[in-house]
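K.L.:
no letters, just coordinates:
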Ligand SMILES: *Cc1c(COP(=O)(O)O)cnc(C)c1O
């Protein structure tokens with residue numbers, strides 16, 4: 001007899017991470033290509049000596065450092081095992097079975113999974129024809145069962161960005177008892193157009209007690225392998241998050257490395273300049289080759305190839321690079337080092353064109 005498992009898990013897909021193979025050029029998971037800074041590596045190496053001890057469950061040093069850097073009180077900060085851990089905790093603190101979680105779709109793969117695992121109901125609101133959030137329809141989807149709304153800005157996987165004014169309007173229209181999570185995993189790659197305001201969740205959360213800002217050390221800070229992210233929220237939300245938090249799930253190395261990375265923030269953020277320049281270079285080349293490529297505020301590009309996406313991504317894998325494919329919808333390409341991007345462009349502007357249906 002097989003062990004008895006919750007039957008509803010049958011219908012929940014397991015999270016599918018970016019595929020890989022030995023020697024692959026990895027353009028599938030929106031990571032940075034450069035390893036941790038020497039100063040960060042040193043701190044990690046030193047911290048290994050204390051691994052016989054449990055980590056600080058309150059992440060006191062990291063919270064204090066974040067409070068100082070962000071200019072918010074420590075009681076408004078929660079840390080998590082990656083920001084995906086915090087996404088999950090947010091569903092847990094807001095939803096009973098049957099409550100509703102609204103999110104744009106396509107968006108971050110984890111949203112529907114963590115919603116279903118909590119027994120809540122996912123309400124997916126299709127993106128606009130321009131691949132951005134349809135805020136009007138997201139508002140229209142609110143019911144008396146809505147407990148949580150995810151806004152992914154910039155959106156993964158489409159790269160689209162909501163401006164400050166439209167976000168403000170949206171937040172003002174959401175009833176104050178509904179938690180809105182502004183997932184800003186790629187915030188450090190945002191470069192507003194001249195004359196446009198930076199859509200900064202921390203500013204938007206000022207005076208809005210239902211707004212939770214989520215950020216991570218996995219992307220621009222380059223610590224994806226260590227698993228640490230943070231939330232800035234109302235103190236009441238932070239207390240609730242602490243109640244569902246898996247004890248000690250933010251490990252000691254992650255805490256130390258995150259503090260050291262904040263201390264080297266200028267150096268790390270300078271690296272994003274190169275990625276942003278490459279993003280624009282690759283996008284221009286793809287546009288020139290006849291691709292439809294929405295503008296991206298992130299470290300990846302979205303190719304809305306529809307039914308052609310699988311053949312395109314499979315051929316790219318044959319050519320040595322892993323992309324992230326969303327069958328029937330599109331392919332997401334992470335911006336890597338210039339030589340990696342050149343490899344991708346050689347594929348996309350050569351063999352890839354026919355697969356993408358460009359004539
Ligand atoms: C990568 C990503 C995250 C978080 O990743 P962690 O490694 O768990 O911090 C969160 N949201 C989005 C949209 C992402 O793409």
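P.N.:
Perfect, thanks for sending it. Given the structure is predicted, the values throughout are model-derived calculations rather than measurements. Numbering: from 1, shown residues only.

K.L.:
just give me the neighbour total for residue 4.
P.N.:
For residue 4, the count of nearby residues is 6 (other Cβ atoms under 10 Å). From N, CA and C alone the C-beta is placed, and that goes for glycine too.

K.L.:
could you look up the SS state of it?
P.N.:
When classified by DSSP: H, G, I helix; E, B strand; the rest coil, residue 4 comes out as coil.

K.L.:
the ligand contacts on the stretch 101-250 of the chain?
P.N.:
Along the stretch 101-250 of the chain, the residues adjacent to the ligand under the rule Cβ under 6 Å from any ligand atom are 108, 152, 156, 183, 185, 216, 218, 219, 224, 229.

K.L.:
burial measure for residue 13, as a count.
P.N.:
Residue 13: 9 neighbours (other Cβ under 10 Å).

K.L.:
ok, then the element right after whichever strand or helix holds residue 87?
P.N.:
Per DSSP states H and E: residue 87 is located in helix 82-94. Where DSSP H and E defines the elements, the next helix or strand beyond helix 82-94 is strand 100-105.

K.L.:
contact partners for the residue of the chain found nearest the ligand?
P.N.:
Among all residues of the chain, residue 82 sits closest to the ligand, at 2.4 Å; criterion: Cβ to the nearest ligand atom. Residue 82 is in contact with 216, 218, 227, 228, 229, counting by Cβ atoms under 8 Å, 6 or more residues apart in numbering.

K.L.:
then residue 258?
P.N.:
62, 65, 79, 217, 221, 223, 226, 228.

K.L.:
and the second one, what element?
P.N.:
Here residue 65 sits within helix 60-70, counting by DSSP H and E.

K.L.:
tell me the helices and strands packed up against that helix.
P.N.:
strand 77-80, strand 229-232, helix 252-263 (3 or more Cβ pairs under 8 Å, 6 or more residues apart in numbering; DSSP states H and E).

K.L.:
one more time with 6 Å, if that's ok
P.N.:
In terms of contacts (3 or more Cβ pairs under 6 Å, 6 or more residues apart in numbering; DSSP states H and E), helix 60-70 is packed against strand 77-80, helix 252-263.

K.L.:
in ChimeraX, how would I select the buried members of the contacts of residue 258?
P.N.:
To isolate the buried members of these in ChimeraX, using 16 or more other Cβ atoms under 10 Å:
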select :62,65,79,217,221,223,226,228
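
K.L.:
can you put the contacts of residue 258 in JSON lines and add pLDDT?
P.N.:
Output for the contacts of residue 258, formatted as JSON lines (pLDDT from 0 to 100):
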{"residue": "62", "pLDDT": "98"}
{"residue": "65", "pLDDT": "98"}
{"residue": "79", "pLDDT": "98"}
{"residue": "217", "pLDDT": "97"}
{"residue": "221", "pLDDT": "96"}
{"residue": "223", "pLDDT": "97"}
{"residue": "226", "pLDDT": "97"}
{"residue": "228", "pLDDT": "98"}
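
K.L.:
mind picking the two most distant members of the contacts of residue 258?
P.N.:
With Cβ to Cβ as the measure, no two of those lie farther apart than 65 and 226, at 15.5 Å.

K.L.:
and the strands in the stretch 251-359 of the chain?
P.N.:
300-303, 321-322, 324-326, 330-334 (DSSP state E, counting those that start in this stretch).

K.L.:
pick the most buried one from those.
P.N.:
The highest average neighbour count among the strands of the stretch 251-359 of the chain, using mean count of other Cβ atoms under 10 Å, belongs to strand 330-334 at a mean of 27.

K.L.:
quick check: residue 85 vs residue 205, distance?
P.N.:
Per Cβ to Cβ, to the nearest Å, residue 85 is found 20 Å from residue 205.

K.L.:
neighbour count winner among the two?
P.N.:
In this view residue 85 and residue 205 are compared by other Cβ under 10 Å, and residue 85 has more residues nearby, 24 against 21.

K.L.:
ok, for that one, nearest residue in space, not its chain neighbours?
P.N.:
Distance criterion Cβ to Cβ, 6 or more residues apart in numbering; nearest residue to residue 85, sequence neighbours excluded, is residue 249 at 6.5 Å.

K.L.:
pretty sure that neighbour belongs to a strand, no?
P.N.:
No. Read with three-state DSSP, residue 249 is coil and lies in no strand.

K.L.:
what about it, neighbour count?
P.N.:
17.

K.L.:
I figured it hits residue 81, correct?
P.N.:
Yes. Using Cβ atoms under 6 Å, residue 249 is in contact with residue 81, at 4.1 Å.

K.L.:
need the helices for the stretch 151-300 of the chain, in chain order.
P.N.:
Counting by DSSP state H, counting those that start in this stretch, the stretch 151-300 of the chain has helices at residues 164-173, 201-205, 235-244, 252-263, 265-288.
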